[in-house]
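Asks: below is the sequence, then the predicted model.
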Amino acid sequence: MNSIFQHIITVITAGAAISVAISCCGRPNTDVSAGCFIRSSSFEMLIALSDHSGYEDISITDGSIDISNRAIDMLVKRGDVVIAPIIELLECKQLDFDLFARGYCVCQQIFRKRNPGSSLLWYGGATTTQIRGLTRINPGAQIDVNAFRREVVSDIKQKLLLAK
């Protein structure tokens, strides 16, 4: 079948709905009013990052954020194969900040394995809130969150994808 086959899927994470349109034909990431097109591998990353079960360790400073939990540890162990799908997710403007930060942390931990002592771009810290017993990550002192997200993704692409 050559036609574009799309599914609108709503993922509920701590009361925040994220509508994502998945393009099963592998089209490039394109923002649309209903959501953004992502490959099924990126959707798999979205589901994994949404998993808050088990332990969670969150460390936030003005210049860094580090989150460890069962799901993030599992993705980090998979290594480079998860980087491109996570970057695709991070480029989706509709992705909430909590999942953006968690995806960033996966990339950061993979990068640290390659280059101990190095880090990816992060500034302005972050804040946390508790919603239904789950810790959610929110923007900190970033003046323009959309510009911040673009800068972070650009840095990830430069340092992780180009370093291969």
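Replies: Happy to help now that I have it. Fair warning: this is a prediction, and the values are worked out from it, not measured in the lab. Numbering: from 1, shown residues only.
Asks: so, low pLDDT: which residues of this structure?
Replies: Scanning the chain for pLDDT under 70 picks out the ranges 1-41, 161, 163-164.
Asks: next, name the residue at the spatial heart of it.
Replies: Among the residues of the chain, residue 103 comes closest to the average C-alpha position under C-alpha atoms, centre = their mean, at 2.7 Å.
Asks: so residue 152 sits in a helix?
Replies: Yes. Secondary structure assignment (DSSP: H, G, I helix; E, B strand; the rest coil) places residue 152 inside a helix.
Asks: which residues are in contact with stretch 113-122?
Replies: Stretch 113-122 is contacted from outside by 63-65, 76, 79, 104, 107-108, 111-112, 151-152, 155-156, 159-160, 163, using C-beta atoms under 8 Å, 6 or more residues apart in numbering. Every C-beta, even on glycine, is put in place using the N, C-alpha and C of the backbone.
Asks: could the C-alpha coordinates of the longest helix along the chain be exported in CSV?
Replies: In the chain, assigned by DSSP state H, the helix with the most residues is helix 97-114. The C-alpha atoms that make up helix 97-114 are tabulated as CSV, following Å, rounded to 0.1, in the frame of the first residue of the first chain:
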residue,chain,number,x,y,z
PHE,A,97,8.6,19.7,28.5
ASP,A,98,8.7,16.7,30.9
LEU,A,99,9.1,14.2,28.1
PHE,A,100,11.5,16.6,26.3
ALA,A,101,13.7,16.7,29.4
ARG,A,102,13.6,12.9,29.8
GLY,A,103,14.6,12.4,26.1
TYR,A,104,17.4,14.9,26.6
CYS,A,105,18.6,12.9,29.6
VAL,A,106,18.8,9.7,27.5
CYS,A,107,20.9,11.5,24.9
GLN,A,108,23.0,13.1,27.6
GLN,A,109,23.8,9.8,29.3
ILE,A,110,24.7,8.1,26.0
PHE,A,111,27.0,11.1,25.2
ARG,A,112,28.7,10.8,28.6
LYS,A,113,29.4,7.1,27.9
ARG,A,114,31.2,8.2,24.8
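Asks: what strands line up against the following helix or strand past it, and which way round?
Replies: Elements were assigned by DSSP states H and E; along the chain past helix 97-114, the next helix or strand is strand 126-131. Each strand paired with strand 126-131, and its direction, by DSSP bridges: strand 134-139 (antiparallel).
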